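**Student:** Need coordinates for the following:
(one chain, ligands or ions: 1)
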Amino acid sequence: MELGWPCSLLKVSQSDMANTAITVARGDGIGPEIMDATLHIIQAAGARIDIEEIQIGEKVYLAGHTTGVDPKAWDSIKRTRVFLKAPITTPQGGGFKSLNVTTRKMFGLYANVRPCVAYHPYVDTKHPGMDVVIVRENEEDLYAGIEHRQTDQVMQCLKLISRPGCERIVRYAFEYARRNNRKKVTCFSKDNIMKMTDGLFHKVFDEIAAEYPEITNEHWIVDIGAAKLADTPNAFDVIVMPNLYGDILSDVAAQIAGSVGLAGSANIGGKYAMFEAIHGSAPRRAGQNLANPSGLLHGAILMLVHIDQPDIAEKVHNAWLRTIEDGIHTYDIYSEGVSKEKVGTKEFAEAVAARMGQKPEKLKAVSYSSRPNQSAASATSVRIPAKKDLIGVDVFLDYTGGTADELGAKLATCSTDALKLNNIAARGVKVWPDGFPDTLTGDNWRGRFLGSGIVTHQQIIELLGKVAGAGFDFIKTENLCNFDGQAGFTA
Ligand code: NAD
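**Tutor:** So this is what the prediction gives:
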């Protein structure tokens, strides 16, 4: 559907101040309509931008580009470093890569920032006053995409957490809190179980929190933290968490604030940034002038702050709040008795544009200050690496030849002078020696071989030669190292 605003996607130069070039993609489904509406509103506020449009999404996928982006389009993002993206439709079936994951990885967009705000009483919510910002680590964790089928029965997905990755995201969260006058940063992790990966995230959180004494900090185990967030979101302010928990809980937080349809998000890297709505392309609503453009508009507001136009961001955000407060609502948030007028996408955008310069009277007006200090946010510490000593090896086996005791007896004969079989585990539970007979075993086993001191790679290769020679199908090995004398593996 053509909404017909002049110059909405043309190159525009609107003021004599220097314009910032941004890359824009209209996407699929409701994407073009909500992008038109968003650009109409920010241009009405005087956004100082030059727009470069690129093609992404379904048509590009179907034309044979597995990432959903025309290869030439990357050049525009590399040039402008700022990408405002409408939702896309990912075609059904295999072979298509997630455009979001590709973009995040390619441009190092390590921080996903998602403000989740309630607009009570104008948008229905069980949590009036909710105002939580989720800061999600965006590149690591289980999203590294390193998966293997190890045996007939067992699949593996590697969870990787790095110290620089933790430092960047945690520092970003504290810098965000400082800049936005937030009082508390909470860390969610599962370090009672994943003592090394989530343990590192928590440890780095504690270290960096100490550098921000004016900001309260706390840590919650993610399961009970999630329950508290769903029940009493007002107990939180900024929450920082690893990738997977952030993926799930940022949707929960947006929904309990009122609607996933209202939230926008920023994906921030050292050099590049991408801004979007959190919802999808809603194909059934496409082309009907029905969709709510507020999610993408909130993404655009985050973008305006990022490109150092806080004055415009503030004008747009306050005009939007005033529109919501005046009861001008799209179908998805329309409520009889609360709303005054049900409007379409275009009329909603015109209502916001008409309120430019106004502030809300009941809802809290927003104010924005100048741009984040990216260099401070991306700084990682310089450390002396720990002393690493190789002391053994875990050998993972695909084995269906007998019980744990039978496997133990056979595998022990593979021990060498340098490396002796210490124990065998199945799915992380010790089954030899002295295993519990009821422990469920399958075809995936881990034999742990330890030396009496430091061992060499050559000694591990000799051990593997014996393991293979005994007819075992070893599927992978994992070296066991001490770091500064501390075990770099779980017991
Ligand atoms: P969706 O978010 O598109 O829609 C879910 C529900 O919310 C639908 O009922 C829809 O009508 C409604 N809705 C969503 N946005 C709305 C808006 N702005 N105004 C009014 N109502 C709105 O999720 P889905 O249906 O699961 O996915 C549709 C497509 O979007 C899929 O191809 C999916 O892969 C894609 N998707 C893309 C992104 C992205 O580009 N970032 C994110 C999520 C889903």
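**Student:** for the ligand, what are the nearby residues on this structure?
**Tutor:** In this structure, the chain approaches the ligand at residues 30, 34, 87-90, 100, 261, 276, 279-282, 284-285, 291-292, 295, 332, judged by C-beta under 6 Å from any ligand atom. (Each C-beta comes from the backbone N, C-alpha and C, glycine too.)
**Student:** May I ask which helix or strand encompasses the residue of the chain found nearest the ligand?
**Tutor:** Here the chain gets closest to the ligand at one residue, Gly280, 2.4 Å apart by C-beta to the nearest ligand atom. Here Gly280, judged by DSSP states H and E, is contained in no helix and no strand.
**Student:** Check the burial of it by counting its neighbours.
**Tutor:** Neighbour count of Gly280, defined by other C-beta atoms under 10 Å: 16.
**Student:** nearest residue to it other than its sequence neighbours?
**Tutor:** With C-beta to C-beta, 6 or more residues apart in numbering as the criterion, Gly280 has its nearest non-adjacent residue at 4.9 Å, and that residue is Pro87.
**Student:** for that neighbour, what are its contacts?
**Tutor:** 27-31, 276-277, 279-282, 296 (C-beta atoms under 8 Å, 6 or more residues apart in numbering).
**Student:** before we move on, what about Gly392?
**Tutor:** 419, 422, 448-451, 455, 479-480.
**Student:** Check Leu480 too.
**Tutor:** Leu480 neighbours (C-beta under 8 Å, 6+ apart): 390-394, 448, 450, 487-489.
**Student:** Neighbour-wise, which one of those residues leads?
**Tutor:** Gly392 (25 neighbours).
**Student:** part of a helix, is it?
**Tutor:** No: assessed with DSSP: H, G, I helix; E, B strand; the rest coil, Gly392 is strand; it does not lie in a helix.
**Student:** May I have the beta-bridge partners of it?
**Tutor:** Leu450, Leu480 (DSSP bridges).
**Student:** same check, this time on the one 4 residues further on
**Tutor:** Under DSSP bridges, the beta-bridge partners of Phe396 are Arg446, Lys476.
**Student:** pLDDT score for it?
**Tutor:** If you check Phe396, the pLDDT there is 97.
**Student:** Ramachandran coordinates for Glu218?
**Tutor:** Glu218 has phi and psi values of phi -160, psi 160 when expressed as degrees, to the nearest 10.
**Student:** how close does the closest residue to it other than its chain neighbours get to Glu347?
**Tutor:** Nearest residue to Glu218, sequence neighbours excluded (C-beta to C-beta, 6+ apart): Thr186, at 5.1 Å. Counting by C-beta to C-beta, to the nearest Å, the separation of Thr186 from Glu347 is 40 Å.
**Student:** higher neighbour count, those two?
**Tutor:** Taking other C-beta under 10 Å, Thr186 and Glu347 do not tie; Thr186 has more neighbours (22 against 15).
**Student:** Pull the contacting residues for that one.
**Tutor:** 217-220, 225, 236-240.
**Student:** Is it possible to mark the buried ones in those?
**Tutor:** If you count burial by 16 or more other C-beta atoms under 10 Å, the buried members of these come out as 217, 219-220, 225, 236-240.
**Student:** Looking at those, which are in strands?
**Tutor:** 217, 219-220, 238-240 (DSSP state E).
**Student:** Make CSV out of these and add distance to Pro71.
**Tutor:** Shown next, in CSV, are these (distance: C-beta to C-beta, whole Å):
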residue, distance to Pro71
Asn217, 43
His219, 43
Trp220, 43
Val238, 37
Ile239, 37
Val240, 34
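**Student:** For Pro433, state which of those is nearest.
**Tutor:** Nearest to Pro433 among these: His219, at 37.5 Å, using C-beta to C-beta.
**Student:** What does the pLDDT read for the nearest residue to that closest one once chain neighbours are set aside?
**Tutor:** Distance criterion C-beta to C-beta, 6+ apart; nearest residue to His219, sequence neighbours excluded, is Cys187 at 4.6 Å. Cys187 is assigned 98 on the pLDDT scale.
**Student:** Would you check that Cys187 makes contact with His202?
**Tutor:** Yes: using C-beta atoms under 8 Å, Cys187 is in contact with His202, at 6.1 Å.
**Student:** the more surrounded of those two?
**Tutor:** Cys187 (28 against 21).
**Student:** any idea how far the more buried one is from Ile134?
**Tutor:** Taking C-beta to C-beta, one finds Cys187 at 12 Å from Ile134.
**Student:** Kindly report the same for Gly453.
**Tutor:** For Gly453 relative to Ile134 (C-beta to C-beta), the value is 47 Å.
**Student:** Equivalent analysis for Tyr176, please.
**Tutor:** 11 Å.
**Student:** more neighbours, these two?
**Tutor:** Neighbours were counted for Tyr176 and for Ile134 using other C-beta under 10 Å; Ile134 has more, 28 against 22.
**Student:** For the more buried one, which three-state class applies?
**Tutor:** Assignment for Ile134 (three-state DSSP): strand.
**Student:** any idea what sits nearest it, other than its immediate chain neighbours?
**Tutor:** Ser250 (4.2 Å).
**Student:** and the end-to-end length of stretch 263-279?
**Tutor:** Stretch 263-279 has an end-to-end distance of 8 Å (C-alpha to C-alpha, to the nearest Å).
**Student:** Next: stretch 155-165.
**Tutor:** With C-alpha to C-alpha, one end of stretch 155-165 sits 26 Å from the other.
**Student:** do stretch 100-118 as well
**Tutor:** Note: stretch 100-118 ends 26 Å apart using C-alpha to C-alpha.
**Student:** Enumerate the positions of that stretch that are buried.
**Tutor:** Buried-residue list, stretch 100-118, by 16+ other C-beta under 10 Å: 100, 103-105, 107-118.
**Student:** What is the lowest-pLDDT residue among those?
**Tutor:** Ranked by pLDDT, the buried residues of stretch 100-118 bottom out at Asn100 (82).
**Student:** does that one belong to a helix or a strand, and which?
**Tutor:** Going by DSSP H and E, Asn100 is part of helix 99-106.
**Student:** before we move on, what about Gly299?
**Tutor:** Going by DSSP H and E, Gly299 is part of helix 294-306.
**Student:** pLDDT of that helix, averaged?
**Tutor:** On average, helix 294-306 scores 97.
**Student:** Packing partners of that helix?
**Tutor:** Other helices and strands packing on helix 294-306, by 3 or more C-beta pairs under 8 Å, 6 or more residues apart in numbering; DSSP states H and E, are helix 31-44, strand 82-85, strand 111-117, strand 264-268, strand 273-277, helix 310-325.
**Student:** Span of stretch 38-51 from start to end?
**Tutor:** 13 Å.
**Student:** re earlier: same list, the contacts of Thr186, but as JSON lines with pLDDT please.
**Tutor:** Below are the contacts of Thr186 laid out as JSON lines (pLDDT from 0 to 100):
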{"residue": "Asn217", "pLDDT": "98"}
{"residue": "Glu218", "pLDDT": "98"}
{"residue": "His219", "pLDDT": "98"}
{"residue": "Trp220", "pLDDT": "98"}
{"residue": "Gly225", "pLDDT": "98"}
{"residue": "Phe236", "pLDDT": "98"}
{"residue": "Asp237", "pLDDT": "98"}
{"residue": "Val238", "pLDDT": "98"}
{"residue": "Ile239", "pLDDT": "98"}
{"residue": "Val240", "pLDDT": "98"}
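**Student:** Now flag whichever of those residues is closest to Ser339.
**Tutor:** Phe236 (28.9 Å).
**Student:** residues touching the spatially closest residue to that closest one that is not a sequence neighbour, list them.
**Tutor:** Residue nearest to Phe236 in three dimensions, not counting chain neighbours: Val132, with 4.9 Å by C-beta to C-beta, 6+ apart. Counting by C-beta under 8 Å, 6+ apart, Val132 makes contact with 115-117, 229, 233, 236-239, 253, 257.
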